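Asks: Make a model of this:
(2 chains)
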Amino acid sequence: MNSRNFREYLPLKPTDFQVLLVLCEGPLHAYGISKAVEEQLKGRVRLEIGSLYRMMGRLTTIGLVEEVNGPKRHPQGSPAQRRRTYRITKLGRRVARAEAYRLQEVLEVAHDKELLTESGGL
Amino acid sequence: MMRFRGLGLSLRLLRQLMRLYPRPFRQAYGWEMARVFRLRYRRAMLQDGFPSVARLWARTLLDLVKTAWAEHRVSCLDAANQDRQPVVRLPQEPRGDKLMTSIAADLKIAVRGLLKRPGFALGAVLTLALGIGANSAIFSLIHSIVLQPLPYPDPDRILMVYRTSEQGRNETFSFFDFEDWQRASRSFSHLAAFHETNGTLIAVGGSPVYLQGQAVSASLFPLLGVQPLLGRGFSPEEDREGGPRALVLSHALWKSRFGADPRIVGQVVEYQELQHTIVGVMPEGFYFPDPDARFWVTLQGNDLLKRAGIQKPGRGLTFVLVMGRLRPEAGLAAAQAELQSLNDAIEKEHSIRHREILLVPRLKAVVGDVSPLLWTLLASVGLVLLIACANVANLSLSRAASRQKEMALRNALGASRQRLVRQMLTESALLAAMGAVLAIAVAVGLLGWLASAGGELLPRYQEISLDRTVLLFTAAAAVFSSLLFGLAPALKSSHPRLQAALQAGGRSSGGASPRLQKSLVVCQVALALVLLSGAGLLVNSFIRLTSVPVGFRPDGLLTLWLSLSEERYPQPDSVLGFYEHLVDRLQGLPEVESASYSYSLPFSGNIFRQTIQAEGMPAQSEGGQWAGTVIVGPNHFETLGVPLLQGRDFDQRDRLESPPVAIINEAMARRYWPDQEALGKRFRRDGGVDGSLDTTRYFRGRPWISVIGVAADVSRTGFQDPPAPEFYVPHAQMPWPSAALVIRSRSEPLLLAEPLRRIIAQQDSRVALHGIDSMQQRMDRSVLPQRLRTQLWTLFALLASSLAVIGVYGVMAFGVSRRTQEIGVRMALGARQGRVLRLVLSQGMRLAALGALLGLLGALATNRALSGLLYEVSATDPLTYTLAAALLLGVAALACYLPARRASRVDPLIALRWE
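Replies: Numbers count the residues shown, from 1 in each chain, chains lettered A, B, ... in the order given. Got it, this is the predicted structure:
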């Protein structure tokens, strides 16, 4: 997976990007991630439990984050009741940085078109 | 540790709901998800308690359904990519927890099953569509007319002020009462008065058009809380006597007559010969009091009192309607008490008869008596739906009987009973869903028909729509009916004693209880008879109503109204000249048999009323008997076809300066000269005056008026009302500027409309016509509400009866086909054809008769609700009930005869080899 060119991940979905940004500060469990994202976006986006875990599962599968201490399994195979902590991978960090640069370029264009000044705004 | 109410329950519910996820996902994340939910739940409780929790639940649920769906799709794709399943798969019993998967499987089986029997599916879906569609249509009427609040802000606080006295309810007040209340009332933030006005409107450079509008007080628009789209409402100056004349346009008029000109405000138009400045345009969709009002002027600017010819108006002259908006802090009872005390003071001061003030919510006043009609209609279509459900249930029962082996087999292979019931309910739900989709089309069609049949007479007609609520209602009706018709067959055919069916070997006899089917048929017939007898009563009443003799020949008559302005025709001679010239020219047209004019038309209701005193009798006290005054032109009786029973018609002898004469109707002759010859008698105007006529020469000085003829009674207001005393006055003696033209045509009367317009425009281009109609249309319109409800009710009753009869047929046909073998044996043993026929027929008819009996009892109990709608028919009219029962039983007999005949023609040899 790591051999894949990180540019293939761009552009990131906005919420994926937000999660990566949160995880840049250090490993966190899913509830903490959702709270931090909601704070960053001032409550404009809410991650409900279903979406939250689907997203974390997907990010793990494509290798942008990893589980730090994955669920321990009982001998029978039923899941252990322990919570996962997620950490951003090296690839995840590179993708997040690339996304940030991409967004910066976009913003510069917007700035040149005077979309960000008061008169150009809505 | 703090306890959080409802947390345990919520978590249990969540765990159940998480079964919607595919198992791997649930196993991986389920526990953690529940944990996060618990944390959020606590946070929500701490924030602001249950409202927050409710929001959390709503969001979680939505998300859960969405993500569960997405996960299933992903896992299906994965499965498809990983291992290819064998092409032919037996329908597997899915594991209980895979709810989604098993619903999908159930649906698949249901679709396959229905496709295998397209006849059954089609019949069931059509039946349901008719039943549900009729309900949706009627519900949409109720929803838009009765349940939906009026389209103004805070509409519940808008009240109509009515009064009641010994003479009954009255809705109008003197303008002075209104002014006093407006000054003194504290309970209302606004009080407004309004009154209908109509007349000719001429825009600069435009052609004259006769329009209806409302003269209102300036407080009306603020009261309703609606801002004009352009310009403004009325100012206080415009509301004062002698103030500037202002006019506000409705959106429709602005678009149609003024080309939606955005610079319209400030332009001047001529209304009733007076210059008005357009000060505003109301927004689209706004109407008050109904969509016929195309513009608004102020009551004062409209010079209403002067126009009515009343020099010294008093409190007794009541013509304005009063409406108020309650202050937020004021209550209904307090407001009523306040108005009552204000009113009492006025009564005392002016010594007026006592009146009770009554406050009625505006919505109720607008909807009026339509609401009970709609609810009874909903009840009738509810019955139709019940019958439809019974039919589909019967169809499914028959089907279930033939599917018993399949069910038994599946049961033997390990399908639980619950599983089988769910399977069959899925099928029902599928049928109902398809029925509901088609039902929308049925509802649209029905509403379309209603529109073409004169539905615009319904209040709030323009607001009727199939909106989200109606769709929800349709969905609910579908769910309800799928349970109703699906549950019994499902439980029946999944009964544990299924093994018996397997043991019965090849034959599929026995099974679903015929008793259940039979009782369903009995119920259907009973319900249908309730509706049919109701329809019979309404039809009977309608026929009686419209066959009341009207006193004239309505066919071939064209009628229209026109009005001359007093400014342009000030002299009686000029008015007379205009009409005489016009009638002369009209009679010159080849299609015209004869033409005349009069102040009032049959079925129009408008009439002047006078109290009169017959010669030789004492003067009547105030509030005595009225007689109507109808001003008529030459040839009036001949043109309308009213028989002149005695005396002569008006002619050249009856001039302006000659002594006043009159022709009276039979009712007046009976009232004033009972058992006497009325011809040659005299009468005169008594104390009471309908202001407008006071100043005419005819009545001035109260001369004695001679009766020169007696004419037959003519229905003035409608079929329903008994003829009132009336006398006809020659137009030559009382020239009146406005009149109705009546033209008897030799062909289709409406073809004359265009030549007529041309002739009138040639004579005076500033005269506007309105209300061009044939007399037949006018009469039809007067009974439109009765006709509409009779038609709707009959439609639903016929629908119900056909469904019930189809039900009878279905059960009998099914019974015969199941008993083919038995019948064959009987015939082989010597039973004759006739006997078999009688056997089957009598079985079916016993069911129908029982149903009819129950139906009659039910109808007698419920039709009393109709008695208010009936004209000269008792709600227990025996003939109607007999006919309805005979009709239904007759058709039911036919429905039994067809299967019975088939049974009697069974060939014993073939029957014994059956199956």
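Asks: quick one: the residue positioned nearest the centre of chain B from B:Phe139, how far?
Replies: Geometric centre of chain B, nearest residue: B:Leu458, 5.3 Å, by CA atoms, centre = their mean. Here the criterion is CB to CB, to the nearest Å. By it, B:Leu458 lies 14 Å from B:Phe139. For glycine as for every other residue, the C-beta is placed from the backbone atoms N, C-alpha and C.
Asks: cool, B:Ile823 as well?
Replies: For B:Ile823, the distance to B:Phe139 equals 46 Å [CB to CB].
Asks: what about the strands in the stretch 301-450 of chain B?
Replies: Taking DSSP state E, counting those that start in this stretch as the test, the strands found in the stretch 301-450 of chain B are B:320-326, B:356-361.
Asks: Save these as a markdown table, and put in mean neighbour count, mean pLDDT and distance to chain A too.
Replies: Listed next are the strands of the stretch 301-450 of chain B as a markdown table, based on neighbours: other CB atoms under 10 Å in any protein chain shown; pLDDT from 0 to 100; distance: least, CB to the nearest CB, whole Å:
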| stretch | mean neighbour count | mean pLDDT | distance to chain A |
| --- | --- | --- | --- |
| strand B:320-326 | 24 | 91 | 38 |
| strand B:356-361 | 16 | 89 | 42 |
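Asks: picking that back up, dump the residue contacts of the residue nearest to the centre of chain B.
Replies: Applying CB atoms under 8 Å, 6 or more residues apart in numbering or on different chains to B:Leu458 gives the contacts B:141, B:145, B:370, B:464.
Asks: okay but the third one is in contact with B:Gly455, surely?
Replies: No. With contacts counted by CB atoms under 8 Å, B:Val370 stays clear of B:Gly455, the gap being 11.1 Å.
Asks: between the two, which one's more packed in?
Replies: Neighbours per residue (other CB atoms under 10 Å in any protein chain shown) separate B:Val370 from B:Gly455, with B:Val370 holding more: 19 against 16.
Asks: for the more buried one, what are its contacts?
Replies: By CB under 8 Å, 6+ apart, the contact set of B:Val370 is B:145-146, B:458-459.
Asks: now do B:Pro549
Replies: Going by CB under 8 Å, 6+ apart, B:Pro549 touches no other residue.
Asks: helices or strands up against the strand or helix carrying B:Ala104?
Replies: According to DSSP states H and E, B:Ala104 maps onto helix B:99-116. With contacts taken as 3 or more CB pairs under 8 Å, 6 or more residues apart in numbering or on different chains; DSSP states H and E, helix B:99-116 sits against helix B:50-82, helix B:118-142, helix B:417-452.
Asks: again, 7 Å this time
Replies: Under the contact criterion of 3 or more CB pairs under 7 Å, 6 or more residues apart in numbering or on different chains; DSSP states H and E, helix B:99-116 touches helix B:417-452.
Asks: before we move on, the earlier item: mind listing what's buried along the helix holding B:Ala104?
Replies: Within helix B:99-116, the residues scored as buried using 16 or more other CB atoms under 10 Å in any protein chain shown are B:100-102, B:105-106, B:109-110, B:113-114.
Asks: ok, now stretch B:403-421?
Replies: For stretch B:403-421, the neighbour count (16+ other CB under 10 Å) marks B:403-405, B:407-408, B:410-411, B:415, B:419-421 as buried.
Asks: Looking at the residue nearest to the centre of chain B now. What's its pLDDT?
Replies: At B:Leu458, the pLDDT value in this model is 79.
Asks: Okay, it and chain A: tell me how far apart.
Replies: From B:Leu458 across to chain A, the span is 45 Å (CB to the nearest CB, to the nearest Å).
Asks: Name the spans of chain A whose pLDDT lies under the cut-off.
Replies: Scanning chain A for pLDDT under 70 picks out the ranges A:1-4, A:70-82, A:117-122.
Asks: Around chain B, which positions in it sit nearby?
Replies: Applying CB under 7 Å from any CB of the partner chain, we find that chain A lies next to chain B at A:30-31, A:46, A:48-51, A:53-54, A:79, A:81, A:83-84.
Asks: Could you write me a ChimeraX select line covering just the buried ones among these?
Replies: One line in ChimeraX is enough to select the buried ones among the residues of chain A next to chain B; burial here means 16+ other CB under 10 Å:
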select /A:30,31,46,48,49,50,51,53,54,79,84
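Asks: Just the ones of the residues of chain A next to chain B in helices?
Replies: Using DSSP state H, the subset of the residues of chain A next to chain B located in helices is A:30-31, A:49-51, A:53-54.
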